[in-house]
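Participant: What follows is a predicted protein model with its sequence.
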Amino acid sequence: MTATPPLTASGRVRFRRARLVALLSVIGPGLLAGLSDDDPPGITVYSILGTEYGYELLWVLLISTVALIAFHSLGARMGVVTGQGLMGLIRDRYGPRWGGAALVLLVLANLGTTCAELAGVAAGFELFGISRYLAVPVVTVGVSVLVLGGRFHRIEHFLMALAAVFVAYIAAGFVTQPDWGAAAMGLFVPRMPLTPEAILIVTATVGTTLAPWGLSFIQSYAVDKKLTVDDLRYERLDVVIGSVLTGVIGFFVVVTCAATLHVRGVHVDSAADAAGALAPLAGSFARSLFAIGIIGAAILASAVLPLSTAYSLSEFTGQEGALDDGFRGAPFFYGSYLGVAGLALVIVLLPGTPLIGVLVLTQVLNAILLLPLLVFMYLLARDPQMMGHYRVRGGSAAFYLVIIGLVASCLAALAILTAG
Amino acid sequence: MAADPPMFLSRLLGLPVRSSDGVRVGRVVDMTVLYDIAHPNVHRLGVGRGHRIRYLLPWRLVQTYDDEVSLPVDRMGVSAYATAPDPNLEDRELLLAWDVLDTQVVDLVGRRLSRVSDVLLVPGTHGELEVAAVDVGAGSLLRRMGFRRLGDRFRPVAVDWAELHLTSRRGHLVQLATADTALHRLDASELAELLPRLSADRAVDVVRSTHPSHSAAALHASHPETRRRLLHLLTPQELQRLIDGASPTLARLLTELHATPTPARRYLRTSGWRIRRPPKAPPEASPPASDGERS
């Protein structure tokens, strides 16, 4: 047996540098899929959670974040091992009927979420006094042209920077001097008011954190990046970082709203109300800061959601589609994108559409549609013929089952209390 | 005598299978072929319940397959073909439902990635059933989803069985292991078109299974990002084999490319969902693109 020679100082530096390069080359899907959950619908739901229930329901956010880590890691692993996105994989393993049903659920959920993103665009611009009837069509058409023309990624970092304004909530959380003891209690000691409203907001929180589109996105993006099983440990780190950041930002949104709006008995009915939560940090500048952030996050997500939907549709039907193909080369792919974006535009601009209602109800819809997708993921991940050596087993399998059970319990409680 | 019309695999799947003594021994779960000729005949019939194959019967035992499959052997005779717990397949044997139906395939002529909606089978004069093509069209997909009338409005989009590459795990490996497949007849530029459509693992398998000079030329013709990714997935021994087999110019370029670190620019979300197609300029006419030239 030969002993491994010890690394020299320069060797260690080279080794660390190689590991860093490896990490940077795979980082992305988890970080961005996780952070995308802090989009306008997400921030709105977290704001309502804190405004209406104070610190009491923070534990929901903790559980949602753990579930996010677990299922995004699983999605990335499935994409890497099988080389297929979620919709294609379901069709491959369970046939076109089950696959078609899953696809319909996903498209419905994505359409609702795209509506919510465009509603975020409308709310953000209305804070500047710009009508939604001008802002939403201009943004939708502009984003579609940039994405389908293959140039959107050039402004992506700029939009990410705008969306990063939400990080201000972390600072706001400290400035508002919340009751940290109550926050810790709310985070680790579950208490649950058994009212339909509380169950609704809990379900919406689960739905916005662990969104169906995020699950399909991370798997198809891991495929697109052509990651291999050797990249999995870095990808897992990527997912954990993204999910924890999502949870941390969500935590501070809830804490900020609990310390300001909840104690004054304010109710959040519009984006402007939620913007008031930033006032302790930025004073009168808060509304503008909030509006810029919500617009950046909304534009970013409204670009990615139709794209992710078009990818899932193409993958299921077997129609090859890519951003390089042009409309003539991939009419189904491009048509799917335009169909989702166009329909969402029409829905949001229908007179009398209540924006906050659209945001919250979409997250509830996401939570309802989430359950079958989680079950499909669990079954596929357990399948030795699909996953081989990387199949989920033992304690991990039980953990995924517990999360699925919790989501199912939320939905069952919502159904029972609403019916009653 | 007019030849029987082609039929779809999905029509046969699920048919009840009855032995000569009238006992229903199961349903058609799958059918197998031996991947050794351009258009193979169905080799065995997988019979079982649900998705589990319990018996693998030689196709020659099938007498009729209209509304149900009838066998000339009794139930005891059928049990001689029991296969459990997993089907014991021969080296080059593929399951048409499991390894082909609904899986992704690359149409090597049209050079597009598609998903198999159905498999077209042509009955022969002596009872054999030949695998002619796969249908990648929407019609078969809609029919199998239960929308028969709507599906009938679409004509099949057939891809010749001999001109496709399967991406299912077993299908991919069996095809790579077979010398005379369409994949191994592709020239370097055609191979470069194929590589970005496969997952990284599958693409590296193709590079490994192709002659080094051919692989090196295909990598050289590939999009810089595809080339860089695949080169970094090869072991040092595999890379050396590739360099040894390449022309001196290509060998130098491959060595330089491999020495270039992987760029950490891949975390842009919407820069994805592209097929990194080979550049249009002939590879010999221009040097490999630098990072800045990438899209």
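Facilitator: Alright, I've got the coordinates.
Participant: Tell me the helices and strands packed up against the lengthiest strand in chain B.
Facilitator: The residue-count maximum for a strand in chain B (DSSP state E) belongs to strand B:24-34. Identification of packing neighbours for strand B:24-34 by 3 or more C-beta pairs under 8 Å, 6 or more residues apart in numbering or on different chains; DSSP states H and E yields helix B:9-12, strand B:16-18, strand B:42-49, strand B:52-58, strand B:93-95. C-beta: built from backbone N, CA, C; applies to glycine.
Participant: With mean neighbour count and distance to residue A:87 added, can I get these in a markdown table?
Facilitator: Formatted as a markdown table, the entries for the helices and strands packed on strand B:24-34 read as follows, by neighbours: other C-beta atoms under 10 Å in any protein chain shown; distance: least, C-beta to C-beta, whole Å:
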| stretch | mean neighbour count | distance to residue A:87 |
| --- | --- | --- |
| helix B:9-12 | 19 | 20 |
| strand B:16-18 | 19 | 32 |
| strand B:42-49 | 23 | 26 |
| strand B:52-58 | 20 | 25 |
| strand B:93-95 | 22 | 22 |
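Participant: Chain A: which of the ones you listed is closest?
Facilitator: The minimum distance between chain A and the helices and strands packed on strand B:24-34 falls on helix B:9-12, with 9.5 Å, by C-beta to the nearest C-beta.
Participant: That closest one and chain A, are they touching?
Facilitator: No: no part of helix B:9-12 sits near chain A under the criterion C-beta under 8 Å from any C-beta of the partner chain; the closest distance found is 9.5 Å.
Participant: Please put the alpha-carbon coordinates of that helix into PDB.
Facilitator: Backbone C-alpha positions of helix B:9-12 (Å, rounded to 0.1, in the frame of the first residue of the first chain) are rendered in PDB as follows:
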ATOM      1  CA  LEU B   9     -46.700  -0.700 -29.800                       C
ATOM      2  CA  SER B  10     -49.200   1.000 -27.500                       C
ATOM      3  CA  ARG B  11     -52.000  -1.000 -29.100                       C
ATOM      4  CA  LEU B  12     -50.400  -4.200 -28.000                       C
END
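Participant: can I get the helices and strands packed on strand B:24-34 in JSON lines with mean pLDDT?
Facilitator: Shown next, in JSON lines, are these (pLDDT from 0 to 100):
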{"stretch": "helix B:9-12", "mean pLDDT": "94"}
{"stretch": "strand B:16-18", "mean pLDDT": "96"}
{"stretch": "strand B:42-49", "mean pLDDT": "95"}
{"stretch": "strand B:52-58", "mean pLDDT": "93"}
{"stretch": "strand B:93-95", "mean pLDDT": "95"}
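Participant: wait, which of the ones you listed is closest to residue A:410?
Facilitator: Among those, strand B:52-58 comes nearest to residue A:410, with 34.4 Å by C-beta to C-beta.
Participant: Tell me if the closest one is near chain A.
Facilitator: No: figure legend: strand B:52-58 not in contact with chain A (C-beta under 8 Å from any C-beta); closest approach 11.5 Å.
Participant: And for stretch B:176-192?
Facilitator: No: counting by C-beta under 8 Å from any C-beta, no contacts exist between stretch B:176-192 and chain A, the nearest distance being 14.9 Å.
Participant: residues in contact with that stretch?
Facilitator: Counting by C-beta atoms under 8 Å, 6 or more residues apart in numbering or on different chains, stretch B:176-192 makes contact with B:35-36, B:91-92, B:108, B:111, B:162-165, B:175, B:194, B:205-206, B:209-210, B:214-215, B:217-222, B:226, B:278, all of which sit outside it.
Participant: Can you flag the buried ones in those residues?
Facilitator: With neighbours counted by 16 or more other C-beta atoms under 10 Å in any protein chain shown, those contain buried members at B:35, B:108, B:162-165, B:175, B:194, B:206, B:209-210, B:214-215, B:217-222, B:226, B:278.
Participant: Can you list the low-confidence ranges for chain B?
Facilitator: Judged against pLDDT under 70, the low-scoring parts of chain B cover residues B:1-3, B:260-271, B:281-295.
Participant: so where do the strands sit in it?
Facilitator: According to DSSP E, the strands that chain B contains are B:7-8, B:16-18, B:24-34, B:42-49, B:52-58, B:64-65, B:69-70, B:93-95, B:104-107, B:112-115, B:118-123, B:129-135, B:158-160, B:164-166.
Participant: if we compare those, which one ends up closest to residue B:87?
Facilitator: Ranked by C-beta to C-beta, the member of these that lies closest to residue B:87 is strand B:52-58, at 4.8 Å.
Participant: I'd like to know how many residues surround residue A:219.
Facilitator: 29 (other C-beta atoms under 10 Å in any protein chain shown).
Participant: meant to ask about residue B:66
Facilitator: Residues contacting residue B:66 under the criterion other C-beta under 10 Å number 7.
Participant: lowest-confidence helix or strand of chain A?
Facilitator: The helix or strand of chain A with the poorest confidence is helix A:279-282; it has a mean of 57 (mean pLDDT, DSSP states H and E).
Participant: distance between the helix or strand just after that helix and the chain's centre?
Facilitator: Once helix A:279-282 ends, the next helix or strand along the chain (criterion: DSSP states H and E) is helix A:286-317. Between the mean C-alpha location of helix A:286-317 and the chain-wide mean there is a distance of 10 Å, by C-alpha atoms, centre = their mean, to the nearest Å.
Participant: cool, stretch A:313-323 as well?
Facilitator: Mean C-alpha position of stretch A:313-323 versus that of the full chain (C-alpha atoms, centre = their mean) differs by 22 Å.
Participant: Does chain B have contacts with it?
Facilitator: Yes: for stretch A:313-323 and chain B, the contact criterion (C-beta under 8 Å from any C-beta) is met by A:315-323.
Participant: so where's the longest helix in chain A?
Facilitator: Ranked by residue count under DSSP state H, the longest helix found in chain A is helix A:86-126.
Participant: So that helix, near chain B or not?
Facilitator: Yes: contact check for helix A:86-126 against chain B, using C-beta under 8 Å from any C-beta: residues in range are A:88, A:91-92, A:95-97, A:99-100.
Participant: Turn the strands of chain B into a markdown table, columns for distance to residue A:327.
Facilitator: Converted to a markdown table, those look like this (distance: least, C-beta to C-beta, whole Å):
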| stretch | distance to residue A:327 |
| --- | --- |
| strand B:7-8 | 32 |
| strand B:16-18 | 47 |
| strand B:24-34 | 38 |
| strand B:42-49 | 41 |
| strand B:52-58 | 44 |
| strand B:64-65 | 44 |
| strand B:69-70 | 47 |
| strand B:93-95 | 37 |
| strand B:104-107 | 21 |
| strand B:112-115 | 16 |
| strand B:118-123 | 28 |
| strand B:129-135 | 25 |
| strand B:158-160 | 24 |
| strand B:164-166 | 26 |
